[in-house]
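S.K.: sequence first, predicted model second:
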Amino acid sequence: MHYPTRSPLPTLEDRIVAHLAKAPATRSQLCEALDTSRTNLGRALATLLDEGSVTPVRTNAPGRGRPTQLLTLNSSAAHCVGLNVTRTSCAGVMLSRSGAVLAAVHIVSPASPSLQLSLEQTCEALAASAARQGIDTSTVRAVGVGVPIPMGRNARLSSDAYPSVEELAALTRRWWSPAPVVDNTVRMAALAEAMWGAGADMSSFIYLRLSGGVGGCVVSDFRLVGGAGGLAGELGHMTVGANDSPCACGKRGCLETLASVPALCESAGVGDIAELRGAVLSGNARAREALDRAAEAVGYVLGSAALLINPRAIIVAGEVVDAFPSLRADITASMYKELLPVMEWDIDVVGASLGPLGAAQASAYIAAHPSEDEVPLPRYAEDAPTREVGSASSMRTRTDRGGRP
């Protein structure tokens, strides 16, 4: 449940892949370039050859003795798959062992009425894209899935409204044999921002997504933390003000009932986010009041959270933030009203810089690079390769279960 946000030291396999990405090489050349023994190199190469990431090629050089064997990267071999499903979009990526994106799909407003069907639609689209490009998917060693399930990894769902991990695994394994590692979409989006986006190199920040729901999570000391059961960061279900609106979670007065897209549209009397934006820009008082009330509530929740962990920044994302760029300033003003006035605070409220494909890549990264300092998981990717010391290939991308987007 706790994911490091800084890349660990590369394994020998990672170093071999990085070297072969530049040019093919012999075993002797690899030993010399990587300063490793023939024995260690042989073990690492066995893994790469077995998974199909590296391919041997015999040269036709004249001379006596056995022909020299060159090793080259298999550029058409997929190593891991990342999938991300939200209420408003789906994304999928297929990556090579070196981290190159071999195929990617992004589906806005999926036609499928359920999470499983949306995930199925994404799998079909990604598999079709890979097939058109001649990508070898038999080499896939890890699959990560981000889904909008508001539960911790180790918790049992108390409602039939959400599919089980086993049901999701049965679905993805129709295309790729490894059982998936599953986490929440918001956590995957936050991890992507921490590793390659707006939160890169930040030791701590709070991530908040205002979309079909309101979800959040926390990075502390360069770790995306999940708490005891993976529920850390459920900011969307903090109670705010005198609000008594019923929430889908079973409570009343949650932030999600004020600041999510459906809540805002209902309060403003409009059908969707585009109509809401038009109403606000035209000066509609009801729409403006709904947005102001949401900004005030979001700032209150973030201010309370900031008092607890004192983050370096707040990263806000989602359709609401995209539609109203000035909302960040309103949220900031509301947040600072909750902070101690006698202290000097330096907390930036910034927008996210990565989209759904970033979250999908984070799902792939988590599946392909299991963190060695985590408590052993009820893993859903038992076929994943054993690593020596962590991993950090140039892959631009990490998955379980947690808050809702």
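M.R.: Received the coordinates, thanks.

S.K.: ok now the worst-scoring helix or strand of the chain on mean pLDDT, how far from the chain's centre?
M.R.: Every helix and strand of the chain was ranked by mean pLDDT, DSSP states H and E. The lowest is strand 54-58, at a mean of 86. In terms of CA atoms, centre = their mean, to the nearest Å, the centre of strand 54-58 is found 34 Å from the chain centre.

S.K.: pull out the buried positions in that strand.
M.R.: Within strand 54-58, the residues scored as buried using 16 or more other CB atoms under 10 Å are 54-55. Where you see a C-beta, it was placed from the backbone N, CA and C, and this is true even at glycine.

S.K.: got it, and stretch 194-202?
M.R.: Going by neighbour count (16+ other CB under 10 Å), the buried part of stretch 194-202 is 194-199, 202.

S.K.: tell me the domain ranges of this protein?
M.R.: Domain assignment for the chain by automatic domain parsing gives 3-73, 80-188+355-368, 199-351.

S.K.: which one of those domains is the most hemmed in?
M.R.: domain 80-188+355-368 (a mean of 22; mean count of other CB atoms under 10 Å).

S.K.: can you tell me the distance between the two ends of that one?
M.R.: Separation of the first and last residues of domain 80-188+355-368 by CA to CA, to the nearest Å is 6 Å.

S.K.: give the contact list for the residue positioned nearest the centre of the chain.
M.R.: Nearest to the geometric centre of the chain sits M188, at 2.3 Å (CA atoms, centre = their mean). If you count contacts by CB atoms under 8 Å, 6 or more residues apart in numbering, M188 has them with 84, 144, 146, 359-360, 362-363, 366, 398-399.

S.K.: wait, a strand at it?
M.R.: No - using DSSP: H, G, I helix; E, B strand; the rest coil, the secondary structure at M188 is helix, not a strand.

S.K.: for it, give me the pLDDT.
M.R.: In this model, M188 is scored at 95, pLDDT.

S.K.: what are the bridge partners for the nearest residue to it once chain neighbours are set aside, then?
M.R.: Spatial nearest neighbour of M188, chain neighbours left out: G146 (3.9 Å); criterion: CB to CB, 6 or more residues apart in numbering. Per DSSP bridges, the residues bridged to G146 are N84, D183.

S.K.: the helices in the stretch 151-300 of the chain, which residues?
M.R.: 165-172, 185-196, 256-259, 261-268, 273-281, 285-309 (DSSP state H, counting those that start in this stretch).

S.K.: just give me how far the last one sits from the chain centre.
M.R.: So the one you mean is helix 285-309. For helix 285-309, the distance to the chain centre is 25 Å (CA atoms, centre = their mean).

S.K.: one more: the fifth one?
M.R.: Here helix 273-281 shows a centroid-to-chain-centroid distance of 29 Å under the convention CA atoms, centre = their mean.

S.K.: which helices and strands sit right next to it?
M.R.: On a contact count with 3 or more CB pairs under 8 Å, 6 or more residues apart in numbering; DSSP states H and E, helix 273-281 meets helix 261-268, helix 285-309, helix 319-323.
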